[in-house]
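Enquirer: 3D model of this:
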Amino acid sequence: MSDPYSKDAESKMVKSVEATRHEFASVRTGRASPMLLDRLHVEAYGAAVPLKQVASVSAPDARSLLISAFDRNTVGEIKKAIEKSDLGLTPNVDGSNVRLTIPPLTEDRRKDLVKIVRKKGEDGKIAVRNIRHKIHDEIKAQLKDHKITEDESKRFQDALQKVTDRFVKEIDGLVDAKEKEIMEV
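Expert: Just a heads-up that it's a prediction; the model follows:
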């Protein structure tokens with residue numbers, strides 16, 4: 001009998017790791033990255049839409065971002081969205097473009113960002129462990145209803161733990177890589 005529980009856990013845990021990776025993309029390092037603005041929503045055409053739908057974002061160099069609005073009328077709203085965000089950046093409007101200069105990070109700010117990254121990493125690991133917990137309960141219920149044997153239950157739980165450990169380790173690797181990137185001067 002194949003192990004449906006590990007496969008189910010794996011598909012859900014992959015999503016948790018991707019969500020963690022996406023969270024890390026929004027953490028500002030000293031380097032300009034268009035992903036920094038992925039969470040930004042702009043009031044345009046009567047609705048809040050993702051920035052990507054009203055402008056293209058590029059990084060002409062390591063310290064700046066260039067936002068090119070598709071419609072010149074949205075430039076003011078793009079500027080407003082950046083100013084309201086938690087990025088702490090000052091937009092400079094230049095025709096239908098908005099330029100953002102990424103200042104170098106101070107040592108204190110780097111340490112704060114590392115704490116944020118560790119917290120987001122811990123949240124990712126908690127999500128993975130919650131998935132393990134739910135599937136573990138499913139296995140116990142199957143055993144209680146006599147749909148699987150004690151041996152199968154033990155085997156499924158061991159396999160589930162191996163999958164969980166692998167994904168927790170992957171998140172730890174993401175945290176370490178992001179910390180290095182932040183602390184790099």
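
Enquirer: average pLDDT for whichever helix or strand Arg99 is part of?
Expert: Assessed by DSSP states H and E, Arg99 sits inside strand 97-101. The pLDDT scores in strand 97-101 average 89.

Enquirer: and it, which strands flank it?
Expert: Using DSSP bridges, strand 97-101 pairs in its sheet with strand 64-69 (antiparallel), strand 91-94 (antiparallel).

Enquirer: for Val54, what are phi and psi?
Expert: Dihedral angles phi and psi of Val54 (degrees, to the nearest 10) take the values phi -120, psi -10.

Enquirer: and it, what does it touch?
Expert: By C-beta atoms under 8 Å, 6 or more residues apart in numbering, the contact set of Val54 is 42, 44, 69-71, 74, 77-78. (Glycine included, C-beta is placed from N, CA and C.)

Enquirer: and what of Val42?
Expert: Val42 makes contacts with 48-51, 54-55, 74, 77-78, 80-81, as judged by C-beta under 8 Å, 6+ apart.

Enquirer: could you identify the most distant pair in the residues you listed?
Expert: Spatial extent of those (C-beta to C-beta) is set by the pair Pro50 and Lys80 at 15.1 Å.

Enquirer: adding secondary structure and pLDDT, write the contacts of Val42 out as JSON lines.
Expert: Listed next are the contacts of Val42 as JSON lines, based on DSSP: H, G, I helix; E, B strand; the rest coil; pLDDT from 0 to 100:
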{"residue": "Ala48", "secondary structure": "strand", "pLDDT": "89"}
{"residue": "Val49", "secondary structure": "strand", "pLDDT": "90"}
{"residue": "Pro50", "secondary structure": "strand", "pLDDT": "90"}
{"residue": "Leu51", "secondary structure": "helix", "pLDDT": "87"}
{"residue": "Val54", "secondary structure": "coil", "pLDDT": "90"}
{"residue": "Ala55", "secondary structure": "strand", "pLDDT": "91"}
{"residue": "Thr74", "secondary structure": "helix", "pLDDT": "89"}
{"residue": "Glu77", "secondary structure": "helix", "pLDDT": "90"}
{"residue": "Ile78", "secondary structure": "helix", "pLDDT": "90"}
{"residue": "Lys80", "secondary structure": "helix", "pLDDT": "90"}
{"residue": "Ala81", "secondary structure": "helix", "pLDDT": "89"}
